[in-house]
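Asker: what's the 3D shape of this:
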Amino acid sequence: MSSHLVFNVTAIRQDSPNLKTYVFEHNLRAKSGQFVMVWMPGVDEVPMSIGWQTDTEFHIGIANAGDCTNAISEQIKVGDRLGIRGPFGTSFDYADYDHIIGVGGGYGTPPMLNLAQRATELGKEVTMIQGARSKDYLLYEDLFAKLGVEIKLATDDGSEGHKGYCTDILAEELKNLDKSKKTCIYTCGPEGMMVKVAQMAEEAGIDCQVSLERYMKCGFGICGQCCMDDTGIRICKDGPVITGKYALEHTEFGKYSRGQSGIVVK
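Answerer: The predicted structure follows:
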């Protein structure tokens, strides 16, 4: 769909101190890793990853990160409406793999949840690694548990799970991989983390897919706002999911992006 559909918010979960999950009753039919443009009338429109999703509802986790997301957090209550465009973009490819390893940092966790849903439906072995600053910022532990996936946690302060980084846990996973199974690593979160994950996967000879975030206006490849140096790929259309190997070929990956005006933001 290219125009907005307006949905009532049917439930709101406060999943961390600065992230709420908004529930909408609709069969979005999005593929794992795709995104939607969320419109807050009178404020702005922002791209958001899709989290939990069934034939009757979909969830979007929205963190307070700017004017639009702050307005949504402060003003939108159950029963209020938001505009949704999409789904857009590329999706995770997991059909040909036996073992799925997801690495979600901070607010990169929602698409990892969606990936876990889809992969478990196909009977894949799924390991999810999630990192956050503290246990209060870990997301969707109940929903991951509902899926029965293996989940490993890392927190900066050691308040839950491993004290340190997601990539510390990933390093151990790579040491103990079952070589008889075809494995792929998927990651979404802080770009510095994703660079490290992509590098680790390449060094280990394991396939990797990353989900990138860039400032977007149109969402479907026309405006060029989300183009990346040096190839000019449009993250809204050629992404957000690309291979880790391809991501590492871009000079800006993990170093900078561009804001609303096109100015470099490190």
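Asker: okay, CA-based contacts and neighbour counts for the rest of this
Answerer: OK.
Asker: give me every residue that touches residue 153.
Answerer: Contact partners of residue 153, counting by Cα atoms under 8 Å, 6 or more residues apart in numbering, are 129, 130, 131, 160, 161, 162, 166.
Asker: Please read off the pLDDT at it from the model.
Answerer: With respect to pLDDT, residue 153 scores 98.
Asker: How about residue 148?
Answerer: 95.
Asker: Next one: it from residue 126, what distance?
Answerer: 9 Å (Cα to Cα, to the nearest Å).
Asker: of those two, who's got more company?
Answerer: Comparing residue 148 with residue 126 by other Cα atoms under 10 Å, the one with more neighbours is residue 126, at 22 against 14.
Asker: I'd assumed residue 119 was in contact with that one.
Answerer: Yes: with contact defined as Cα atoms under 8 Å, residue 126 counts as touching residue 119 (7.2 Å).
Asker: overlap in contacts of these two?
Answerer: Residues touching both residue 126 and residue 119 (Cα under 8 Å, 6+ apart): residue 100.
Asker: Residue 198: which element?
Answerer: helix 191-204 (DSSP states H and E).
Asker: Check what contacts that helix and list those residues.
Answerer: Helix 191-204 has contacts (Cα under 8 Å, 6+ apart) with 105, 167, 170-171, 174, 185, 187-188, 207-210, 212, 244-245, 248, 253-255.
Asker: And it, what's buried?
Answerer: When neighbours are counted by 16 or more other Cα atoms under 10 Å, the buried residues of helix 191-204 are found to be 191, 193, 194, 195, 197, 198, 199, 200, 201.
Asker: Just the CA atoms of it, as CSV, please.
Answerer: Taking Å, rounded to 0.1, in the frame of the first residue of the first chain, the C-alpha atoms of helix 191-204 are listed here in CSV:
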residue,chain,number,x,y,z
GLU,A,191,25.9,0.2,14.1
GLY,A,192,29.2,-0.2,15.9
MET,A,193,27.9,-3.5,17.2
MET,A,194,26.7,-4.6,13.7
VAL,A,195,30.1,-3.8,12.2
LYS,A,196,31.7,-6.1,14.8
VAL,A,197,29.2,-8.8,14.2
ALA,A,198,29.6,-8.6,10.4
GLN,A,199,33.4,-8.7,10.8
MET,A,200,33.2,-11.7,13.1
ALA,A,201,30.9,-13.6,10.7
GLU,A,202,33.3,-12.9,7.8
GLU,A,203,36.3,-14.1,9.8
ALA,A,204,34.4,-17.3,10.7
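Asker: let's number from 19 now, not from 1
Answerer: Renumbered: residue one is now 19, and that last one reads helix 209-222.
Asker: what distance separates it from the middle of the whole chain?
Answerer: Averaging C-alpha positions (Cα atoms, centre = their mean, to the nearest Å) puts helix 209-222 16 Å from its chain's average.
Asker: what separates the closest residue to residue 69 other than its chain neighbours from residue 87, distance-wise?
Answerer: Ranked by Cα to Cα, 6 or more residues apart in numbering and with sequence neighbours excluded, the top spatial neighbour of residue 69 is residue 128, at 4.3 Å. In this view, residue 128 and residue 87 are 16 Å apart by Cα to Cα.
Asker: the more surrounded of those two?
Answerer: Each of residue 128 and residue 87 had its neighbours counted (other Cα under 10 Å), and the higher figure belongs to residue 128 (27 against 21).
Asker: so that one, which of the three states?
Answerer: Per DSSP: H, G, I helix; E, B strand; the rest coil, the local secondary structure of residue 128 is helix.
Asker: before we move on, what about residue 122?
Answerer: Going by three-state DSSP: residue 122 is strand.
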